[in-house]
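Colleague: could you look at this predicted model? Sequence included:
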Amino acid sequence: MKKMKENKRRPVKGGDHGRQNEGRRTGAHKKSEQNRRFDDKRKFDRNNGQKRDRFSPAAGEAAAVGEQTAPENENFVFGHHAVVEALKQGRGNKLFILEDARGEKIEELKQLAQEHSVPVKWVPKQKLDTMSDNGVHQGMVLAITPYEYLSLPELLERTETAEPFFLILDNLEDPHNFGSILRTADAAGVDGIIIPKHRAVGITPVVVKTSTGAVEHVPVARVTNLSQGIKQLKDAGFWVFGTAMSGTAYTDWNAAGKIALIIGNEGRGMSAGLAKEVDELLTIPMIGHVQSLNASVAAGLLIYEAFRKRGGGAS
């Protein structure tokens, strides 16, 4: 019988075992190091070339600043009516018009821009889409100076009406609702709108667009605390009215004198804290299956009821 060949694999010495394991560990370490560097590069790229240290206080501060800084398109308005009104109020910095655009509206914009010394630039649609955040820009976007809010004392001081009518928006969140309310407020002669600084929508491009330029004609004041603002209004002789599911029917509302009307949040309605501050609660009777109206619709009904009772439109 033939003898089987002996296994001539060289025995591994104790020191060789260590070197082999060290090699394996070194290879794994290199691979891990490569993966870490790749991940760091991806983070570096995502942050536009700025390396982020999650343990650095400066990183947290930078993130906070980033959250507080308005997006670039916050200082743009778009759409024909909004652009025209902003130009007329002298708030335009640069007008961007769709390249090859023609027509009466374009000529009107060019004339207004010239009158107010606003430079005009012709750009492709993609550029306008970006600046308007894919909004319905109608081929025109205007870079503007940031909207300047009033303080409540400034609003009271600048109001010339003997018996003003103010709206108070209690943490409204939808910019379309805010824009629609501004449009109705301008039409019905509301003297000013009061909003909170935090947890509520402010003047954004969508608000300006939806208001069709009414934002340029209705003063908006921002306050840190709505409850404190209501107390200031009462000290100035205002009657403050709230809205709720139960209360005085809005058709029986005595809207004479200095008045302020609170419009509640879209989902939660008027906050309980503000409900304690009002002089009277108003309600809009409903017989259907839904439990509430859209905020801007409810505001429209109440604004025009006050407009009618305060002699608005009387010849």
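Modeller: Everything's here; your move.
Colleague: next helix or strand past the lowest-mean-pLDDT helix or strand in the chain?
Modeller: Least confident helix or strand, the chain: helix 57-68 with a mean of 33, by mean pLDDT, DSSP states H and E. Using DSSP states H and E, the helix or strand that follows helix 57-68 towards the C-terminus is strand 76-78.
Colleague: now do the contacts for residue 222.
Modeller: 149-151, 194-197, 202 (CB atoms under 8 Å, 6 or more residues apart in numbering). In this view, the C-beta of every residue, glycine as well, is placed from N, C-alpha and C.
Colleague: hang on, I meant residue 255
Modeller: Shown in contact with residue 255 (CB under 8 Å, 6+ apart): 165, 305-306, 309-310.
Colleague: among the residues you listed, which one lies nearest to residue 129?
Modeller: Using CB to CB, residue 165 is the member of those that lies nearest residue 129, at 39.0 Å.
Colleague: does that closest one touch residue 218 like I think?
Modeller: No: contact criterion CB atoms under 8 Å: residue 165 and residue 218 do not qualify, at 11.2 Å.
Colleague: which residues do the two both contact?
Modeller: Joint contacts of residue 165 and residue 218 (CB under 8 Å, 6+ apart) are residue 190.
Colleague: out of the contacts of residue 255, who's the most crowded?
Modeller: The residue in the contacts of residue 255 with the most neighbours, by other CB atoms under 10 Å, is residue 165 (24 neighbours).
Colleague: what sits opposite that one in the beta ladder?
Modeller: Going by DSSP bridges, residue 165 is paired in beta bridges with residue 259.
Colleague: break down the stretch 151-300 of the chain into its helices, ranges please.
Modeller: For the stretch 151-300 of the chain, applying DSSP state H, counting those that start in this stretch gives helices covering 152-158, 175-187, 205-210, 226-235, 272-275, 295-309.
Colleague: residue contacts, residue 129?
Modeller: residue 137.
Colleague: number of residues surrounding residue 82?
Modeller: 30.
Colleague: among the helices of the stretch 151-300 of the chain, which is the most enclosed?
Modeller: Greatest average neighbour count among the helices of the stretch 151-300 of the chain goes to helix 205-210 (a mean of 25), per mean count of other CB atoms under 10 Å.
Colleague: for that helix, name the packing helices and strands.
Modeller: For helix 205-210, the elements it packs on are strand 76-78, helix 80-88, helix 175-187, judged by 3 or more CB pairs under 8 Å, 6 or more residues apart in numbering; DSSP states H and E.
Colleague: does residue 175 touch residue 210 like I think?
Modeller: Yes: here residue 175 reaches residue 210: they are 6.8 Å apart, a contact under CB under 8 Å.
Colleague: buried ones only from the contacts of residue 222, please, as a ChimeraX command.
Modeller: Here is the ChimeraX command that picks out the buried ones among these, judged by 16 or more other CB atoms under 10 Å:
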select :149,150,194,195,196,202
